[in-house]
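[1] Pasting a predicted model and its sequence here:
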Amino acid sequence: MINKIKKDKVFYISSISLIAILIYAFFNIKTFEAASKNALDFLLDKFYWFYSGAMLSFFIFCVYLMISKYGKVKLGQDDEKPEYGFVSWLAMLFCAGMGMGLVFWSVAEPLSHYTHPLNIEPFTEEAKVFALGKSFLHWGTAAWACYAVLALILAYMQFRKGKPALMSSVFIPIIGEKRAKGWIGNVIDIFTIFATVAAVITSLGLGTLQINAGLNFLFNIPENIKTKLIIIAIVTVCYMTSAIIGINKGIKILSDTNLFIAAVMIVLVLIVGPTSKIFGNLFKGMAMYGKELVTTNNNIFLHGGWYKKWTLFYWGWWIAWAPPVGIFIARISRGRTIREFLLGVLIIPSLLCFIWFAVFGTMGFNVEHSVALVAAKKSQTAFFMVLSKYPLGFFICILVMILSMIFFITSADSSTFVLGMLSSKGNLNPNNSKKVVWGILQGSLTIVFLLAGGLEMIQTASILAAFPFGFIMILAMISFKKSLSEEKEMLVLKDEVEKELNKKVIV
């Protein structure tokens, strides 16, 4: 038994530690809640600049790589082809990256900014532009740059350099392979597991609240802890089953289905909603977002109550989600060039998020002010309350329940798969027993955090886990840049060969 633990120490240390946290939190809920809140307040007061600076650095790094000569480098051998078709690849990375949060906040966030904008008169055209601009800021390129950085580095080390699919592998260029496989690497991988679990329970918590609220609004099913426990139990069984089946038969099929349902919803809403206003708000919101990114008026670095509640929470959330999403996106991205990868992970998903928020945000802006105010007070039911005011509203709400459930499952099954990889020395197809352990632990921790403080407690856990992981990601970029320098000579040689071939063709 001792030899088995030594051989598989990352799995045993991380799982046993999380079980200990689970037991402690269950019997000391109030203490756990107070300690978490105090830690969060300290970080947001003293290190708000770090969250903002880290997110900005991820975006700049991605843009640099996309336009640089390194964009030609393959995430794999030079003759490899992508493992998955573009649409399926996009569907899987989008479902893993956004998940339940996209449905949960699609109406609630723009509506909240519209009814309570920062230093702007509510219910005005200016408030609409502000609401969508901030929603685009929170859900656009910042989030996807965070994912793209980590996924790109991991995919490069796995498929180009042949290293294990572990977070510790990305540090090989600066700490060496021996240390990466030793205790330093083990600590990095264990902490990555902690960060991954914290991110997953955030999504599971949001999903539980959303589904319970939807069932209550549509079918009068009570919103109570018993219903939430049943939802978590059902979803846990579903995502564990999907993860056990594997990527091709489980995760891929669910992701393709979800993309189709989301497209149907968009089309229906464009038909029954204020179509011209939706497109007008989309372009106005994008203009506002672009202006904020390139001028000194972006307010990203400002510190205050509004930014604590919204922007800084999102920066922490995306950093916390980077390990599970990044590792999963890396797993499905073999054979793509760096430029193609960044186009697919950074640009296209951001545009899809802009369209999504413009569509459903405008639906919220277009209802009566009294309805908007009531809907904005409860994020979980905002979507259902607003859409019920339109033709086909009940049918669309049923679709969003199905979409929510599949988003719920696809986020968790990809994370369960990732946790299996991390605790199996980077095995790209981890054994099912470990997936079962991680699946049960994720569901159990979600229950504890809901009991400990509901949504606020889950958000707190996410941001706390993100802080130290932000440093890991910055170091990973430095390590990656060093590794890329080895590609320089190869790229120069390829350019010379291409020039010679072109000369021969001309002659």
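    Perfect, I can see it now. Numbering: from 1, shown residues only.
[2] just for the stretch 151-300 of the chain, where's the confidence low?
    247, 294-300 (pLDDT under 70).
[3] where exactly do the strands run in it?
    For the stretch 151-300 of the chain, applying DSSP state E, counting those that start in this stretch gives no strands.
[4] hey, where'd the helices end up in it?
    Taking DSSP state H, counting those that start in this stretch as the criterion, the stretch 151-300 of the chain carries its helices at 172-181, 183-219, 225-245, 252-272, 275-294.
[5] Can you name every helix or strand that the shortest one contacts?
    Here helix 172-181 is seen to pack against helix 183-219, helix 432-484 when contacts are counted using 3 or more CB pairs under 8 Å, 6 or more residues apart in numbering; DSSP states H and E. Using the backbone N, CA and C atoms, a C-beta is placed for each residue, glycine as well.
[6] Could you identify which of the ones you listed is most buried?
    Among these, the stretch with the highest mean neighbour count (mean count of other CB atoms under 10 Å) is helix 183-219, at a mean of 22.
[7] relative orientation of that helix and helix 172-181 in degrees?
    Orientation of helix 183-219 against helix 172-181 (axes from the mean of the first three to the mean of the last three CA atoms, to 10 degrees) gives an angle of 90 degrees.
[8] Quick one: list the elements packing against helix 183-219.
    Here helix 183-219 touches helix 9-27, helix 99-105, helix 172-181, helix 225-245, helix 311-331, helix 379-387, helix 393-422, helix 432-484, going by 3+ CB pairs under 8 Å, 6+ apart.
[9] of those, which approaches residue 272 most closely?
    Nearest to residue 272 among the helices and strands packed on helix 183-219 is helix 393-422; the distance by CB to CB comes to 7.8 Å.
[10] buried residues in that closest one?
    By neighbour count with 16 or more other CB atoms under 10 Å, helix 393-422 contains the buried residues 393, 396-397, 399-401, 403-422.
[11] follow-up on the earlier one: so for residue 348, which of the helices of the stretch 151-300 of the chain sits nearest?
    Using CB to CB, those put helix 252-272 closest to residue 348, at 12.0 Å.
[12] elements contacting the closest one?
    Under the contact definition 3+ CB pairs under 8 Å, 6+ apart, helix 252-272 sits against helix 86-97, helix 348-365, helix 393-422.
[13] rerun that using 10 Å as the cut-off
    The helices and strands touching helix 252-272, judged by 3 or more CB pairs under 10 Å, 6 or more residues apart in numbering; DSSP states H and E, are helix 86-97, helix 99-105, helix 225-245, helix 275-294, helix 348-365, helix 379-387, helix 393-422.
[14] In stretch 68-85, which residues are buried?
    By neighbour count on 16+ other CB under 10 Å, the buried set for stretch 68-85 is 70, 71, 72, 73, 74, 75, 76, 82, 83, 84.
[15] Neighbours of the nearest residue to the fifth one once chain neighbours are set aside, how many?
    Translated: residue 74. What sits nearest to residue 74 in space, not counting adjacent residues and going by CB to CB, 6 or more residues apart in numbering, is residue 337, at 5.5 Å. Other residues within reach of residue 337, judged by other CB atoms under 10 Å, total 17.
[16] now swap in the one 4 residues further on and tell me
    Residue 341 is surrounded by 29 other residues when neighbours are defined as other CB under 10 Å.
[17] wait, doesn't it sit right on residue 149?
    No. Using CB atoms under 10 Å, residue 341 is not in contact with residue 149; the gap is 11.2 Å.
[18] list residues touching both of these two?
    62, 65 (CB atoms under 10 Å, 6 or more residues apart in numbering).
[19] quick one on the thing from earlier: indicate which one of the helices of the stretch 151-300 of the chain is closest to residue 387.
    Nearest to residue 387, of all those, is helix 252-272, at 7.9 Å by CB to CB.
[20] In stretch 363-373, which residues are buried?
    Those buried within stretch 363-373 under the rule 16+ other CB under 10 Å are 363, 364, 365, 366, 367, 371, 372.
[21] Find the centremost residue of the protein, please.
    residue 97 (3.6 Å; CA atoms, centre = their mean).
[22] for residue 423, phi and psi?
    Here is the backbone geometry of residue 423 (degrees, to the nearest 10): phi -100, psi 10.
[23] how many other residues sit next to it?
    Neighbours around residue 423, by other CB under 10 Å: 26.
[24] Contacts only, for it.
    Shown in contact with residue 423 (CB under 10 Å, 6+ apart): 8-15, 166, 189-190, 193, 430, 434-435, 437-438.
[25] now do 8 Å
    8, 10, 11, 14, 15, 193, 430, 434, 438 (CB atoms under 8 Å, 6 or more residues apart in numbering).
[26] so residue 335 makes contact with residue 74?
    Yes. Using CB atoms under 8 Å, residue 335 is in contact with residue 74, at 6.9 Å.
[27] Spit out the residues that contact those two alike.
    Common neighbours of residue 335 and residue 74, counting by CB under 8 Å, 6+ apart, are residue 80.
[28] distance of the residue nearest to the centre of the chain from residue 388?
    In this view, residue 97 and residue 388 are 29 Å apart by CB to CB, to the nearest Å.
[29] now residue 278
    Distance of residue 278 to residue 388, given as CB to CB: 18 Å.
[30] of the two, who's got more company?
    residue 278 (21 against 17).
[31] If we ignore the residues flanking it in sequence, what's nearest that one?
    Leaving aside its chain neighbours, residue 278 sits nearest to residue 362 (4.5 Å; criterion: CB to CB, 6+ apart).
[32] That neighbour: what's it in contact with?
    128, 273, 274, 277, 278, 281 are the contacts of residue 362 under CB under 8 Å, 6+ apart.
[33] Filter those down to the buried ones and hand me the ChimeraX line.
    Per 16+ other CB under 10 Å, the buried members of those correspond to this ChimeraX selection:
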select :128,273,274,278,281
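[34] As CSV, the contacts of residue 362 with distance to residue 115 would be great.
    CSV is the format used below for the contacts of residue 362 (distance: CB to CB, whole Å):
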residue, distance to residue 115
128, 11
273, 19
274, 18
277, 17
278, 19
281, 16
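[35] Which single one of the contacts of residue 362 is nearest to residue 447?
    Of the contacts of residue 362, the one sitting nearest to residue 447 (CB to CB) turns out to be residue 273, at 37.1 Å.
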